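K.L.:
With the input below, show me the fold.
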Amino acid sequence: MDPAGGCPHADNARLLAAGAVAPVVLPGEVAGMAVLGHDALKEFLAHPDVAKGAAHFTTLRDGEIPDGWPLKTFATVQGMTTADDADHRRLRSLVSKAFTARRVEELRPRIETVTAQFLDDLDEAAAAGEGVADLRRHFALPLPMGVICELLGVDAEHQDRLHHLSNQVVSTSIGPEEAMAANREMVVVLGAVAASRTEKPGDDLTSALIAAREEDGDRLSRHELIGTLLLMIIAGHETTLNLITNAVRAVCAHRDQLELVRSGKAAWSDVVEETLRWDSPVSYFPFRYPTRDLTVDGTVIPKGTPVLAGYSAAGRDKSAHGPDADRFDITRTGGARHLSLGHGPHYCLGSPLARMEATIALEQLFTRFPELDLAVPEAELPRHTSFVGNSVHTLPVRPRA
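P.N.:
Just a heads-up that it's a prediction; the model follows:
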């Protein structure tokens with residue numbers, strides 16, 4: 001796996017041509033596997049003999065993974081993404097109350113209001129930049145970051161730093177010292193958030209998590225609280241940030257699809273779903289581990305192997321999505337539904353919120369700036385330095401013709 005990331009689709013196509021499951025070499029020469037094919041990934045994500053807990057990661061358990069390994073946080077953070085069975089159900093139940101359909105719908109007016117405010121910021125930035133502004137910085141980032149921080153009760157003073165640290169945590173190209181420093185600082189910042197909400201509880205998820213007790217009296221541990229907050233901050237803004245960015249890139253490159261929405265032949269929600277399939281905001285997500293030697297699509301994945309879920313590859317798997325899987329088509333019917341928000345017991349809890357944010361963002365963006373277009377060619381956009389996230393680092397646009 002290339003630690004520097006880059007556009008994954010050419011490599012994905014090459015790997016898929018060889019099979020639905022591929023051996024990969026992770027940073028630090030750690031042997032792993034990737035499940036790339038749609039059907040194989042769907043089976044793997046829901047398989048009862050696949051675990052998320054780091055105790056099942058053989059080389060990590062045996063002390064062969066050094067501190068500072070850039071992917072170590074994905075394996076060792078204590079929270080829903082590394083919990084199994086009863087622990088996973090307990091942690092998920094504590095958070096799920098914030099993401100019910102009713103609770104998410106209650107956020108709609110607030111999301112619509114802040115979206116309009118950030119569009120003002122984008123317009124002002126473009127006016128100051130000779131008609132060009134970075135849509136990712138001025139719009140696609142602050143919208144989901146502001147929403148998730150408001151949901152969690154995180155003060156505005158922490159938001160910029162948390163975004164920077166999130167980028168460090170999900171990067172696959174930074175060195176050991178940087179990785180360890182980012183994780184230490186993330187714990188400090190989130191500890192400050194927890195302390196603030198402990199002292200002054202509010203109507204937010206962090207306060208609710210601190211107060212939560214299970215029926216048997218067990219409180220969420222400090223490590224689980226920090227791990228849950230870390231997960232919510234990263235998953236709650238990085239993925240939606242990439243989704244909005246990738247959707248804008250896709251629509252700008254396919255003006256015929258934009259016209260379908262404007263003519264009423266398709267909806268912005270169709271743009272969101274096709275973007276999730278065609279250019280998944282997460283490319284390869286770490287980790288899952290077979291608890292026994294497991295055969296997936298004819299390939300044996302040895303017990304304890306760290307496995308990447310290849311969402312960006314599965315989204316363009318022609319065996320599932322048809323021979324035109326590489327084509328961006330918001331009217332697409334038939335074929336398999338994408339897996340970009342997961343599948344099985346770890347399906348993304350925040351998917352209704354992400355979909356709502358992206359749909360509102362796109363509708364307001366192209367209503368206010370109908371001629372919006374990229375200010376530089378797609379090929380010149382700098383990519384994420386990670387094979388986990390899938391997007392570009394900046395997105396210069398001209399909001400007005």
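
K.L.:
Against Glu112, how distant is Val189?
P.N.:
29 Å (C-beta to C-beta, to the nearest Å). In short, each C-beta sits where N, CA and C put it, glycine included.

K.L.:
Which one of those two is surrounded by more residues?
P.N.:
Val189 (19 against 14; other C-beta atoms under 10 Å).

K.L.:
Would you mind listing where the stretch 151-300 of the chain has pLDDT under the threshold?
P.N.:
213-219 (pLDDT under 70).

K.L.:
Please, where are all the helices along it?
P.N.:
159-170, 176-199, 205-211, 222-253, 255-262, 268-278 (DSSP state H, counting those that start in this stretch).

K.L.:
List the buried residues of stretch 56-74.
P.N.:
For stretch 56-74, the buried set under the neighbour-count rule, 16 or more other C-beta atoms under 10 Å, comprises 56-57, 59-60, 65, 68-74.

K.L.:
now what about that stretch, what contacts it?
P.N.:
The contact list for stretch 56-74, computed with C-beta atoms under 8 Å, 6 or more residues apart in numbering, reads 3, 26-28, 30-31, 54-55, 75-76, 81, 169, 171-177, 179-180, 183, 230, 285-287, 289-291, 303-306, 388.

K.L.:
Any of those residues buried? List them.
P.N.:
Buried among these by 16+ other C-beta under 10 Å: 3, 26, 28, 30, 54, 75-76, 81, 169, 171-172, 174, 179-180, 183, 230, 285-287, 289-290, 304-306, 388.

K.L.:
ok so, going back, can you flag which of the buried residues of stretch 56-74 belong to helices?
P.N.:
Judged by DSSP state H, the subset of the buried residues of stretch 56-74 located in helices is 59-60, 72-74.

K.L.:
hmm, which two among these are most spread apart?
P.N.:
Thr59 and Thr73 (16.1 Å; C-beta to C-beta).

K.L.:
Which residue, neighbours along the chain excluded, lies closest to the most centrally placed residue in the chain?
P.N.:
Nearest to the geometric centre of the chain sits Thr239, at 3.0 Å (C-alpha atoms, centre = their mean). Leaving aside its sequence neighbours, Thr239 sits nearest to Pro281 (C-beta to C-beta, 6 or more residues apart in numbering; 4.7 Å).

K.L.:
How many residues are close by the one you found?
P.N.:
With other C-beta under 10 Å as criterion, Pro281 counts 25.

K.L.:
residues in contact with it?
P.N.:
Counting by C-beta under 8 Å, 6+ apart, Pro281 touches 238-243, 246, 340, 389-391.

K.L.:
In CSV: those, plus distance to Ala46.
P.N.:
Converted to CSV, the contacts of Pro281 look like this (distance: C-beta to C-beta, whole Å):
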residue, distance to Ala46
Glu238, 24
Thr239, 20
Thr240, 24
Leu241, 27
Asn242, 24
Leu243, 23
Asn246, 26
Ser340, 15
Gly389, 24
Asn390, 23
Ser391, 27
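
K.L.:
Out of those residues, the closest to Ser269 would be?
P.N.:
Leu243 (12.3 Å).

K.L.:
Just give the closest residue to Ile226, not the sequence neighbours.
P.N.:
Here the residue nearest Ile226, using C-beta to C-beta, 6+ apart, is Leu190, at 5.1 Å.

K.L.:
farthest-separated two in the contacts of Pro281?
P.N.:
Leu241 and Ser340 (14.5 Å).

K.L.:
Now do the same contact list for the residue nearest to Ile226.
P.N.:
226, 229-230, 233.

K.L.:
which of these count as buried?
P.N.:
Applying 16+ other C-beta under 10 Å to the contacts of Leu190 flags 226, 229-230, 233 as buried.

K.L.:
what's the helix or strand for Phe366?
P.N.:
helix 351-368 (DSSP states H and E).

K.L.:
what's the spacing between that helix and its chain's center?
P.N.:
Computed by C-alpha atoms, centre = their mean, to the nearest Å, the separation of helix 351-368 from the middle of its chain amounts to 16 Å.

K.L.:
average pLDDT for it?
P.N.:
Helix 351-368 carries an average pLDDT of 96.

K.L.:
likewise stretch 338-346?
P.N.:
Mean predicted confidence for stretch 338-346 is 95.

K.L.:
Likewise for stretch 76-86?
P.N.:
On average, the pLDDT along stretch 76-86 is 91.

K.L.:
Now do it: everything it contacts.
P.N.:
Outside stretch 76-86, the residues within contact range by C-beta under 8 Å, 6+ apart are 51-54, 60, 74-75, 88, 90-92, 95, 221, 223-224, 226-228, 230-231, 346, 349.

K.L.:
quick one: buried residues of stretch 202-216?
P.N.:
204-210, 212.

K.L.:
Dump these to TSV, plus distance to Leu36.
P.N.:
Shown next, in TSV, are the buried residues of stretch 202-216 (distance: C-beta to C-beta, whole Å):
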residue	distance to Leu36
Asp204	39
Leu205	34
Thr206	37
Ser207	41
Ala208	38
Leu209	35
Ile210	40
Ala212	38
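
K.L.:
now, among those residues, which is nearest to Pro377?
P.N.:
For the buried residues of stretch 202-216, the nearest to Pro377 is Leu205 (41.1 Å; C-beta to C-beta).

K.L.:
so who does that closest one touch?
P.N.:
95, 98, 151-153, 232.

K.L.:
Report the two of those residues separated the most.
P.N.:
Val95 and Gly153 (13.7 Å).

K.L.:
if we can go back for a sec, Asp270: which of the contacts of Pro281 is nearest?
P.N.:
Leu243 (13.9 Å).

K.L.:
Tell me who's in contact with Val189.
P.N.:
Counting by C-beta under 8 Å, 6+ apart, Val189 has contacts 158, 161-162, 165.

K.L.:
gap between it and Thr100?
P.N.:
On the measure of C-beta to C-beta, Val189 and Thr100 end up 28 Å apart.

K.L.:
Repeat that for Leu119.
P.N.:
28 Å.

K.L.:
Just want to know which of those two has more residues nearby.
P.N.:
Leu119 (20 against 12).

K.L.:
wait, that one sits on Glu363?
P.N.:
No. Leu119 lies out of contact with Glu363 (C-beta atoms under 8 Å); the separation is 11.1 Å.

K.L.:
before we move on, the earlier item: closest to Ala267 out of the contacts of Leu205?
P.N.:
Among the contacts of Leu205, and counting by C-beta to C-beta, the member closest to Ala267 is Leu151, at 25.4 Å.
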